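Visitor: Using only what follows, build the 3D model:
(one chain, ligands or ions: 2)
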Amino acid sequence: MAFLELDVLNNAPKPVIGIDLGTTNSLAAVWVDGRPTVVRPDGMGAIVPSAFYFEKDGQVLVGHEARRRAMMDPGRALFSVKRFMGRGLADVAGDLASVPFEAREGEGGVVRFLVDGKELAPEQLSSFILRRVVEQASLVLGVRPDRAVITVPAYFDDTQRQATRDAARLAGLEVLRILNEPTAASLAYGLDRRKQGKVAVYDLGGGTFDVSILDIEDGVFRVLSTSGDTHLGGDDLDRALVQVALDELAPRLGDAASEPALLQALRLSAERCKIELSRAPQAEMHLVAPELDLDWRRTFSRAELEAAIAPLLERTLDACQRALADASLTVADVDEVVLVGGSTRVPAVRALVERFFGRTAHAELDPDEVVALGAAVQAHILAGGTREFLLLDVTPLSLGLETMGGAVAKVIHRNSPVPSQATEGFTTYADNQTGLVLNIVQGERELAADCRSLGRFELKGIPPMPAGMARIAVRFQLDADGILNVTAKEETSGVAASITVQPMHALGDEEVERMLADSYANAQADFDNRRIADLKVEMGTMLRATKAHLDGVRADLDRESLLDLEEACAAAQATIAAERPTAAETQKVRDTLERATLPLAALLMDRVAKEALSGKRVSDL
Ligand code: ADP
Ligand code: MG
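Guide: Ligands and ions are numbered 1, 2, ... in the order given. Sure, this is the predicted structure:
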């Protein structure tokens, strides 16, 4: 069935990816098999360093490659582009000092880099990173995702957020949401399931430190305060080690100590040593420079690193204190602490934070992946899945009832966790209707005829009353074994009826797939059919109301209005009877009918008002 396969490919919605577009590192995650998963192509790491190297021939290298080349030739490299997103020259004067390219103010007053006579916007550069991230995702997913949730620091202003959106657009991505990084991290830990609480998110990345205090209320996050230091991060920890090294090496290096390439090499060695120390009690830093006849090695203990970085870490606590004060909270008010950022892997950092907040911090997930994972959770929610996916068993297809006119009212939606139950209210369509047939259907299509009927049952003995007065509660209960029990009960009289069917086990995976594919393929047609069915029902109601009241006021209605109304009623009747009217036609006929009934309605209102004034109660009419 090649055609069917083609259909599925073309119509299945592409996955929405979550992207952590970081100052130092970027990566993506996507929802797979019920949980967020970092996109990690075989043989590659997940992380794309947010680094650029500009070749003389105009080629731009991105990621690891750029980082490697930058080591040899820092003068043609660019890092931390995120700092410049949506900022003016004056905002980032300090950061520009370390950029080896000229910068000028471009359109809208935002920074542009001048590389070999070509202007490059930070948005453009970020789009290169996003493209690389998407390429990696495509390798893993087999399709190129074109929609994303992208994270930004909580303190990003509108211009910076817009710049992030623009970068995404340049990379061919539609942004479904810009998500705050601390919120993403909290989502990754499922903290949205808390009814309420306060979360402190401590994020120590490569070049920046942020702390955010969030408030959760019924799964909704609000940022109460943020604080931090945009120039404090893992790079500074590296520099602290470099400083120790330079103090010892200076006499042997002489003038070479200020050489950019040598410093860069020392920095990378320091970073490697620092990372190793997160795991091991000791690690080595080394520097080999044959031209200086230098082969320097030095073993660092964890304690030495901790001593070197202690003042830096102390500063992060000051920021935590400020954030709490800004939120008018104390450490005792904080319910959850979340660690984010590669630098929180340093054991001393984690210990410090836990001591400060007086509680264990969430560090079960990789701190440098947790933001991307949370973005994938949000992406999944926006793509239409539900959070409950995390519970393993879900209904693969929606369960519902056929309503008047052949439409489907979904009661338990696709992907709801099992067991599950839901109640919907229905009413009678005709006056004095004493019974109704309930057709239970399964599927995603909008019309009952296109879904699978699981069974029918009757609810009888409804006391005679005007249309729309009966209160029928229909309860769907789906148990853990996939058995569906449907009960219908008329509330005023208490009459009830029920049926038990077994929907889940009758459908194979293949059939589920086919039905899903079918519903995607037919989404537009279904939408139209559904609309037509609804419009027909609406017209039916209008026709009946007209018929019920027209005779009483016919004499008072002017001739033209009467003719209009009769004509509109005839058209409506014809459309209701028609096999396949278009949605547009049906809408037009319905609108005409509504307009034509206005004079009648006005007359009736008028009469009601008069009767009321003459002492009759409105309800008597
Ligand atoms: P950003 O959010 O700024 O893009 P990340 O969260 O990816 O950055 O953090 C990058 C920083 O984390 C770098 O300074 C890197 O050296 C540091 N880092 C990564 N792994 C470790 C580790 N195991 N121990 C200590 N620091 C680490
Ligand atoms: Mg980060």
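Visitor: Secondary structure class of the residue nearest to A361 when sequence neighbours are not counted, three-state.
Guide: Distances taken as CB to CB, 6 or more residues apart in numbering place V337 nearest to A361, at 4.1 Å, with adjacent residues excluded. Every C-beta, even on glycine, is put in place using the N, C-alpha and C of the backbone. Counting by DSSP: H, G, I helix; E, B strand; the rest coil, the backbone at V337 sits in strand.
Visitor: List the contacts of V337.
Guide: If a contact means CB atoms under 8 Å, 6 or more residues apart in numbering, then V337 has 199-202, 353-354, 357, 359-362 as its contacts.
Visitor: What about those residues, which are in helices?
Guide: Counting by DSSP state H, the part of the contacts of V337 found in helices is 353-354, 357.
Visitor: coming back round to it: export the contacts of V337 to CSV and tack on neighbour count and distance to V370?
Guide: Rendered in CSV, the data for these read as follows (neighbours: other CB atoms under 10 Å; distance: CB to CB, whole Å):
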residue, neighbour count, distance to V370
V199, 24, 13
A200, 29, 14
V201, 32, 10
Y202, 31, 12
V353, 24, 14
E354, 16, 17
F357, 19, 17
R359, 16, 18
T360, 10, 16
A361, 22, 12
H362, 21, 8
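Visitor: ok, so of these, who is nearest L324?
Guide: Relative to L324, the closest of the contacts of V337 is A200; by CB to CB it sits at 7.8 Å.
Visitor: Wait, the closest one touches I213, no?
Guide: Yes. Using CB atoms under 8 Å as the test, A200 is close enough to I213 to be in contact (5.6 Å).
Visitor: For the two, list the residues in contact with both.
Guide: Common neighbours of A200 and I213 (CB under 8 Å, 6+ apart) are 323-324, 334.
Visitor: wait, which of those is closest to ligand 1?
Guide: Distances from ligand 1 to the shared contacts of A200 and I213, taken as CB to the nearest ligand atom, are shortest for A323 (17.9 Å).
Visitor: For the closest one, which residues are in contact?
Guide: Taking CB under 8 Å, 6+ apart as the definition, contacts of A323 comprise 200, 211-213, 225-228.
Visitor: mind running it again at 10 Å?
Guide: Contact partners of A323, counting by CB atoms under 10 Å, 6 or more residues apart in numbering, are 200-202, 210-213, 224-228, 329.
Visitor: which secondary structure element contains it?
Guide: Using DSSP states H and E, A323 sits in helix 302-326.
Visitor: Over to A545: give its phi and psi.
Guide: Dihedral pair for A545: phi -60, psi -40, per degrees, to the nearest 10.
Visitor: where's it relative to ligand 2, distance?
Guide: With the distance defined as CB to the ion, to the nearest Å, A545 ends up 61 Å from ligand 2.
Visitor: Just give the nearest non-adjacent residue to the closest residue to ligand 2 within the stretch 151-300 of the chain, would you?
Guide: Proximity of the stretch 151-300 of the chain to ligand 2 (CB to the ion) peaks at G205, 4.1 Å away. Of all residues beyond its chain neighbours, the one nearest G205 is G341 (4.0 Å), with distances taken as CB to CB, 6+ apart.
Visitor: tell me the pLDDT at the one you found?
Guide: pLDDT, G341: 98.
Visitor: do A361 as well
Guide: According to the per-residue confidence, A361 scores 97 in pLDDT.
Visitor: looking at it, it is touching L339, isn't it?
Guide: Yes. With contacts defined as CB atoms under 10 Å, A361 counts as touching L339 at a distance of 4.9 Å.
Visitor: Count the residues that sit near the residue of the stretch 151-300 of the chain closest to ligand 2.
Guide: The local packing of G205 (other CB atoms under 10 Å) involves 27 other residues.
Visitor: One more: T592?
Guide: Taking other CB under 10 Å as the criterion, the count of residues near T592 is 15.
Visitor: residue contacts, it?
Guide: When contacts are counted by CB under 10 Å, 6+ apart, T592 touches 564, 567-568, 571-572.
Visitor: Mind checking which of those residues land in helices?
Guide: Among the contacts of T592, the ones falling in helices (DSSP H) are 564, 567-568, 571-572.
Visitor: tell me which residues form a beta bridge with L21?
Guide: The residues listed as beta-bridge partners of L21 by DSSP bridges are S26.
Visitor: which stretches of the stretch 151-300 of the chain form strands?
Guide: Taking DSSP state E, counting those that start in this stretch to define them, one finds strands in the stretch 151-300 of the chain at 174-180, 196-204, 209-217, 220-229, 282-289, 294-301.
Visitor: I'd like the ones you listed as CSV, with mean pLDDT and distance to R414 appended.
Guide: Putting those into CSV (pLDDT from 0 to 100; distance: least, CB to CB, whole Å) gives the following:
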stretch, mean pLDDT, distance to R414
strand 174-180, 91, 20
strand 196-204, 97, 29
strand 209-217, 93, 27
strand 220-229, 89, 24
strand 282-289, 93, 51
strand 294-301, 94, 55
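Visitor: so which of the ones you listed gets nearest N439?
Guide: With respect to N439, and counting by CB to CB, the nearest of these is strand 174-180 at 35.8 Å.
Visitor: Name the strands paired with the closest one and say parallel or antiparallel.
Guide: When DSSP bridges is applied, strand 174-180 pairs with strand 147-152 (parallel).
Visitor: send the alpha carbons of the strand it pairs with over as CSV?
Guide: Backbone C-alpha positions of strand 147-152 (Å, rounded to 0.1, in the frame of the first residue of the first chain) are rendered in CSV as follows:
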residue,chain,number,x,y,z
ARG,A,147,8.3,24.2,14.3
ALA,A,148,10.1,24.8,17.6
VAL,A,149,9.9,26.1,21.1
ILE,A,150,13.0,28.2,21.9
THR,A,151,14.1,29.2,25.3
VAL,A,152,15.5,32.5,26.4
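Visitor: isn't E119 right next to V110, touching?
Guide: No. Between E119 and V110 there is no contact, the gap being 11.3 Å when judged by CB under 10 Å.
Visitor: Return the backbone torsion pair for L365.
Guide: Taking degrees, to the nearest 10, you get phi -90, psi 160 for the backbone angles of L365.
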